[in-house]
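Engineer: Please find the sequence and the predicted model below.
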Amino acid sequence: MCPTLLSLLSLGFCVSLRIWAAVGEYEKPSLSAWPSPVVPLGQTVTLQCHSNPPFVIFRLFKRHGARLRKLQEQQFNTFTLGPVTREHAGSYTCSGANLSRSVRSNVSDPLPIVVTGVSTKPSISAHPGPLVREGENVTLRCHSSMLLDKFILQKKTSTGHFQRRGETLTGGHAPADFSIGPMTLASAGTYRCYGSFSHSPYVWSTSSDPVDIIITGRSRKPSLSAQGGPVVRSGENVTLVCSSESTFDQFHLLREGEDLGHPLAGGRGPHGELQAEFPLGPGTPAHSGVYRCYGSFTPSPYSWSDSSNPLFLSVTGSTTSTCPSTMDPHTTEETQLPQEHSGTWYIVLGLVIAFTSTSILLAALVCHSCSTPNHVAIMAGEPMEDRTVNGEVNSAAEDVIYAHLDLGTLSERRFTPTPLRPVHPSAEPIIYEEFNINQDHTEP
């Protein structure tokens, strides 16, 4: 009974396949790749051939120009490629057949398998910025330092995979611009780009860093404040608080338009408002800048509120004095003079003191000589008759002559003083000639 039943089933199956093949009612299979048809260099990918009729033989082909080259044939509909190299890149198809191969399907639609990581990654940037209001346009620019002439833009889907959203050819070092907009919630998301050469369409560069395009302004703005005030001394802990009366479950902090990391969940503040605290750590001058915060909801990560009012944070000065006291016994070694240089500093300090004292003494002598009326009279050539009393020079004039002589011989005699004595015409003829003191006087 059982063999007869199996025979009838097999006969019916073969007949149905022949009928499907004759009338063309079965569909051609389809080929898919898991986890993705875009495969990084050195990893593996699984290809699966799906067919509506219950085929038991499956073939995998790779296209070379206009020809198809059979790679594998097996009784399973899954094929593993890898670790992939650039030779694995290309267009693949599959087909099905029955056990006797008397019935065969057409080949599936081609599935391109792309191998990435063959060259360095390009850069991606958003213009005018990644935060866009609904209805506005944003341009994503891909650029590479290599001579790539083709760029591919991808967008992350809800399943976490990236799908191609655009492709453009350029020349040389020219960047590729992809315009997105008018912006809607469906067009917001995470984007990245690849670079390639037009003659190798299935060999791509490493992926660029992702960029998030966010729609803002879909709810009321929160408020941003700094604990302790927006002016902080260097070294003090800095904490920024973003709060809102709306029921946001996430808050985002940005500095000069740059996102400062993962969002924080909101909690209840002292007055019942929702808030999130962003600790920035000990303040440094690098923390100075303009900060803003936004609120959002977890189910819509690319839809943010309006921006808070800007907060200008200034970190200046220091919490401790940077000038060490010479009397402090705990002065660090860095603030003390090295011992091997202390003797030199003492010598230099002594020379400075000596030079200063000498300069003060010279200045005092010069001021004294310049302020004496008799010295002024001598330099002006006044007659000396009224300066001589009973054949001797006035004591004031004697002081002036001594002061002038002392100044004239300081540099030659190293401050050796000249003894004071009365000035007579026959005793000091040189002095009389130099200062014109004895112009009308003759020897007895």
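Structural biologist: Done, it's in. Numbering: from 1, shown residues only.
Engineer: was I right about Met183 contacting Ile215?
Structural biologist: Yes: counting by CB atoms under 8 Å, Ile215 is a contact partner of Met183 at 5.9 Å. C-beta coordinates here come from the backbone N, C-alpha and C atoms, glycine included.
Engineer: shared neighbours of these two, which are they?
Structural biologist: Counting by CB atoms under 8 Å, 6 or more residues apart in numbering, the common neighbours of Met183 and Ile215 are 132-134.
Engineer: ChimeraX command for the buried members of the residues you listed?
Structural biologist: To isolate the buried members of these in ChimeraX, using 16 or more other CB atoms under 10 Å:
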select :132,134
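Engineer: from the shared contacts of Met183 and Ile215, which single one is nearest Thr157?
Structural biologist: Among the shared contacts of Met183 and Ile215, Val132 lies closest to Thr157 (CB to CB), at 19.9 Å.
Engineer: which parts of stretch 53-69 are buried?
Structural biologist: Those buried within stretch 53-69 under the rule 16+ other CB under 10 Å are 53, 55, 57-62, 68.
Engineer: and if you look at stretch 125-132?
Structural biologist: So for stretch 125-132, counting by 16+ other CB under 10 Å, buried means 126, 130-132.
Engineer: With pLDDT as extra columns, can I get those residues in CSV?
Structural biologist: Listed next are the buried residues of stretch 125-132 as CSV, based on pLDDT from 0 to 100:
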residue, pLDDT
Ala126, 96
Pro130, 94
Leu131, 94
Val132, 95
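Engineer: Give me the subset of those lying in strands.
Structural biologist: Secondary structure from DSSP state E places 126, 131-132 of those in strands.
Engineer: Can you tell me which of these lies closest to Leu280?
Structural biologist: Taking those together and measuring to Leu280 by CB to CB, the closest member is Leu131, at 21.1 Å.
Engineer: hang on, that closest one packs against Gly217?
Structural biologist: No: assessed by CB under 8 Å, Leu131 is found out of contact with Gly217, at 9.3 Å.
Engineer: list residues touching both of the two?
Structural biologist: Common neighbours of Leu131 and Gly217 (criterion: CB under 8 Å, 6+ apart): Trp304.
Engineer: could you dump the ones in strands among the buried residues of stretch 125-132 to CSV with distance to Phe162?
Structural biologist: Below are those laid out as CSV (distance: CB to CB, whole Å):
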residue, distance to Phe162
Ala126, 17
Leu131, 22
Val132, 20
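Engineer: my guess is Gly129 meets Glu256, correct?
Structural biologist: No: checked against CB under 8 Å, the pair Gly129 and Glu256 is beyond contact range at 11.0 Å.
Engineer: Count the neighbours of Pro310 for me.
Structural biologist: Neighbour count for Pro310, taken as other CB atoms under 10 Å: 11.
Engineer: Tell me how far it lies from Leu264.
Structural biologist: Separation of Pro310 from Leu264 (CB to CB, to the nearest Å): 19 Å.
Engineer: Please apply the same query to Arg86.
Structural biologist: Counting by CB to CB, the gap from Arg86 to Leu264 is 43 Å.
Engineer: Quick check: can you list the domain ranges of the chain?
Structural biologist: Structural domains annotated on the chain: 23-116, 123-216, 223-316, 347-435, as defined by automatic domain parsing.
Engineer: what's the least confident stretch among those?
Structural biologist: With a mean of 48, domain 347-435 has the lowest mean pLDDT of the domains of the chain.
Engineer: so Ser314 touches Val232, yeah?
Structural biologist: Yes: if you go by CB under 8 Å, Ser314 and Val232 touch, sitting 7.1 Å apart.
Engineer: Those two: which is more packed in?
Structural biologist: Val232 (25 against 16).
Engineer: list the contacts for that one?
Structural biologist: Counting by CB under 8 Å, 6+ apart, Val232 has contacts 226, 238, 283, 287, 313-316.
Engineer: And it, its phi and psi?
Structural biologist: For Val232, the backbone dihedrals are phi -130, psi 140 (criterion: degrees, to the nearest 10).
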